[in-house]
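Undergrad: this one's structure only:
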């Protein structure tokens, strides 16, 4: 392939990603009624119209301003669309923002300008990097728009298929990972930083780590397994919980949104957030519907504290983030580098639960074609997997062009890995690190475990 053909192909891929991102965002907004756009306040979500405008503004700042030096379309809105200049609660003030029609007009105006620039202007490495960064940023907001629907009890997003066939065989067991040297992360400096080696700053620079042999579960912890902990009184046994976990366990939180109540419902945790005991059975709320608990599906929407307590109850432990990445990718020095458990081919719906389709409702033994080199299943998509590590920079960390991508989370957040059922396929790779506070259970979080001692 000639250099010109490579550039043409890169532009075509960018335009496809941009258009998919535009349509997905429009669908998530336009499938809601006018009244539903005013989502109830919750600290873990944003109003859909604000997310749409914020994403368009990001293209203005990180494409047009950085590449062309052009001012924003409407400077009077800059501080309102910028997440670091507007208080979270102020995003619910409809008097500050345009309605659906005008926000869509602004959103599509910016997307049209981006598409035109991709088509007409030279595709330098810097431009490719910034286009991808802005598109991926918008896909992060697509994920949060999906979990917003779960948080406030709205219908599932269009395109969701909760009942796809589930290939694979029910089984359990650990994969034994041999001791040795392994590669972690993405290159800190690379000529392909805008293409094959694109990564966010917290994934860099790549380094070698020595690990002792360890055994890690081939499968995520299922609802069936977590239910045994609940019914064994796990939430009433403080000896199973760490200091932070006990503090969380004793804190009443308002779960009115979970149960569709107009009045506050203060409860201390006694089971996962979206579970209930009703009509003599355990049920789970999936978007706007309560359904019988699916025993073989992965336990979802659990905090780090719950995952940690389950491990103590089961005589297991959470993996470190390095152990998790090695089990998922198995990258060794001097060998071809894998970005996904199955290799380097693009993630698809046959390989992983992603892009808002199956929504973590399929069994933990599903998606066998996506297995890692060690036979670990669903290490891409499905749920963000808790690890035992704090979210900290790698040695040699350098802030990327977006200074707030990682730095605000260092120190008090936990590392999760793998992506979730709501994560867009373009974002996923085995080196990707996501930071969540240990008390988060509104996002799609779950876990797998390691044996305390290998063998």
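TA: Received it, and whenever you're ready, just let me know what you need. Computed from a prediction, not measured in an experiment: that's the story for all the values here. Numbers count the residues shown, from 1 in each chain.
Undergrad: Test my guess that residue 138 contacts residue 26.
TA: No: if you go by Cβ atoms under 8 Å, residue 138 and residue 26 don't touch, sitting 11.5 Å apart. C-betas here are computed from N, CA, C, even on glycine.
Undergrad: Neighbour count: those two, which is higher?
TA: Neighbours per residue, other Cβ atoms under 10 Å: of residue 138 and residue 26, the larger number sits with residue 138, 24 against 15.
Undergrad: where do the helices sit along the stretch 301-450 of the chain?
TA: Ranges of helices in the stretch 301-450 of the chain, per DSSP state H, counting those that start in this stretch, are 304-314, 321-329.
Undergrad: If you could redo that for the stretch 151-300 of the chain, that was the one I meant.
TA: Using DSSP H, counting those that start in this stretch, the helices of the stretch 151-300 of the chain run over 223-231, 243-249, 256-259.
Undergrad: Buried residues of the first one, list them for me.
TA: Buried residues in helix 223-231, counting neighbours by 16 or more other Cβ atoms under 10 Å, are found at 223, 225-227, 229-230.
Undergrad: Name the nearest of those residues relative to residue 178.
TA: Using Cβ to Cβ, residue 225 is the member of the buried residues of helix 223-231 that lies nearest residue 178, at 26.5 Å.
Undergrad: If you tally nearby residues, what's the number for the closest residue to the closest one other than its chain neighbours?
TA: Once flanking residues are discounted, residue 225 sits nearest to residue 299: 7.4 Å by Cβ to Cβ, 6 or more residues apart in numbering. Neighbours of residue 299 under the rule other Cβ under 10 Å: 28.
Undergrad: from what I can see residue 299 touches residue 219, true?
TA: No: counting by Cβ under 8 Å, residue 299 stays clear of residue 219, with 11.5 Å between them.
Undergrad: circling back: identify the contacts common to residue 138 and residue 26.
TA: Counting by Cβ atoms under 8 Å, 6 or more residues apart in numbering, residue 138 and residue 26 have no common neighbour.
Undergrad: element containing residue 138, please.
TA: With secondary structure defined by DSSP states H and E, residue 138 is part of helix 125-152.
Undergrad: Now do the buried residues in that helix.
TA: By neighbour count on 16+ other Cβ under 10 Å, the buried set for helix 125-152 is 127-152.
Undergrad: That one: how far from the chain's middle?
TA: 10 Å (Cα atoms, centre = their mean, to the nearest Å).
Undergrad: repeat for stretch 367-377
TA: Worked out by Cα atoms, centre = their mean, stretch 367-377 lies 20 Å from the chain centre.
Undergrad: List the buried residues in that stretch.
TA: 367, 370-374, 376-377.
Undergrad: Where does pLDDT dip in the stretch 351-455 of the chain?
TA: For the stretch 351-455 of the chain, residues meeting the criterion pLDDT under 70 lie at 454-455.
Undergrad: From the chain's centroid, how far away is stretch 20-34?
TA: With Cα atoms, centre = their mean as the basis, the mean position of stretch 20-34 lies at 19 Å from the chain mean.
Undergrad: now what about that stretch, what contacts it?
TA: Here stretch 20-34 makes contact (Cβ under 8 Å, 6+ apart) with 37, 48-49, 51-52, 55, 100, 104, 107-108, 111, 135, 138-139, 141-142, 145-146, 154, 157-159, 424.
Undergrad: How about stretch 132-146?
TA: Taking Cβ under 8 Å, 6+ apart as the rule, stretch 132-146 contacts 14, 17-18, 21, 24-25, 28-29, 45-46, 48, 51, 54-55, 58-59, 62-63, 114, 157, 194, 198, 356, 401-402, 420, 422-424, 426-427.
Undergrad: try 6 Å this time
TA: 17-18, 21, 24, 28, 48, 51, 55, 58-59, 62-63, 157, 198, 356, 422-424, 426-427 (Cβ atoms under 6 Å, 6 or more residues apart in numbering).
Undergrad: Then stretch 223-231?
TA: Outside stretch 223-231, the residues touching it (Cβ under 6 Å, 6+ apart) are 271, 293, 295, 297, 299, 310, 313.
Undergrad: mind listing what the fourth one touches?
TA: With contacts defined as Cβ under 6 Å, 6+ apart, the neighbours of residue 297 are 223, 361.
Undergrad: How much space separates it from residue 225?
TA: Distance, residue 297 to residue 225, using Cβ to Cβ, to the nearest Å: 11 Å.
Undergrad: same thing with the third one?
TA: As defined by Cβ to Cβ, residue 295 lies at a distance of 9 Å from residue 225.
Undergrad: quick one on the thing from earlier: and the contacts of stretch 132-146, which are buried?
TA: Among these, those classed as buried by neighbour count (16+ other Cβ under 10 Å) are 17-18, 21, 24, 28, 48, 51, 55, 58-59, 62-63, 157, 198, 356, 422-424, 426-427.
Undergrad: from these, which ones fall inside strands?
TA: Nothing among the buried ones among the contacts of stretch 132-146 maps onto strands, per DSSP state E.
Undergrad: Where does pLDDT dip in the protein?
TA: Low-confidence segments of the chain (pLDDT under 70): 454-455.
Undergrad: quick revisit: of the contacts of stretch 223-231, which pair is most distant in space?
TA: The distance between the two most remote of these (Cβ to Cβ) is 19.9 Å, for 297 and 313.
Undergrad: Could you give the number of residues near the residue nearest to residue 155 when sequence neighbours are not counted?
TA: The spatial neighbour of residue 155 that comes closest, neighbours along the chain excluded (Cβ to Cβ, 6+ apart), is residue 288 at 5.0 Å. For residue 288, the neighbour count with other Cβ under 10 Å is 13.
Undergrad: likewise residue 23?
TA: Neighbour count of residue 23, defined by other Cβ under 10 Å: 11.
Undergrad: what residues are up against the nearest residue to residue 208 once chain neighbours are set aside?
TA: Counting by Cβ to Cβ, 6+ apart, residue 208 lies nearest to residue 181, which is 5.3 Å off, once chain neighbours are set aside. Neighbouring residues of residue 181 by Cβ under 6 Å, 6+ apart: 208, 210, 333.
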